[in-house]
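Chemist: For reference, the sequence and a predicted model appear below.
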Amino acid sequence: MKWVVPRLGGFQRANPEIDIRISTNTGLVDFSREDVDIGIRYGRGHWPGLTAERLVTEDVMPVCARRCSRDRMRSRSRPTSSVSPCCISAPFPTTGRSG
């Protein structure tokens, strides 16, 4: 949304005949059944039957809670100690339809 919203005003001024409606959700759009012409989806762009174009690139970096970082540092000084796992993960869509 941070990419598209700032561009909407200019697009609407240049194309006043086009009706723009924005819906944000996590569901996949079924273009054959829904009144939708375009979808913006986060992912690798491998959606069978659809054309995907990269809009933006992003920088991704690992992060952790301070507790997790402290646990890791302690485990380095005591290699035999057991450190409880502390993971942060986010699903990354690899298949499906753009929406």
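Modeler: That came through fine.
Chemist: Which strand or helix spans Phe11?
Modeler: For Phe11, the element it lies in under DSSP states H and E is helix 5-14.
Chemist: ranges for the helices of this protein?
Modeler: With DSSP state H as the definition, the chain shows helices at residue ranges 5-14, 66-77.
Chemist: Compare the mean pLDDT across these and name the weakest.
Modeler: Per-stretch mean pLDDT for the helices of the chain is lowest at helix 66-77 (a mean of 63).
Chemist: Could you list the low-confidence segments of this protein?
Modeler: 1, 69-99 (pLDDT under 70).
Chemist: Repeat the analysis, applying 80 as the threshold.
Modeler: In the predicted model of the chain, residues 1-3, 25-26, 60-99 satisfy pLDDT under 80.
Chemist: picking up where we left off before, what sits up against the helix holding Phe11?
Modeler: Ile18, Ile20 (C-beta atoms under 8 Å, 6 or more residues apart in numbering). Backbone N, C-alpha and C define where each C-beta goes, glycine included.
Chemist: For that helix, list every residue counted as buried.
Modeler: Going by neighbour count (16 or more other C-beta atoms under 10 Å), nothing in helix 5-14 comes out as buried.
Chemist: what does stretch 23-42 give?
Modeler: Val29, Phe31, Gly39, Arg41.
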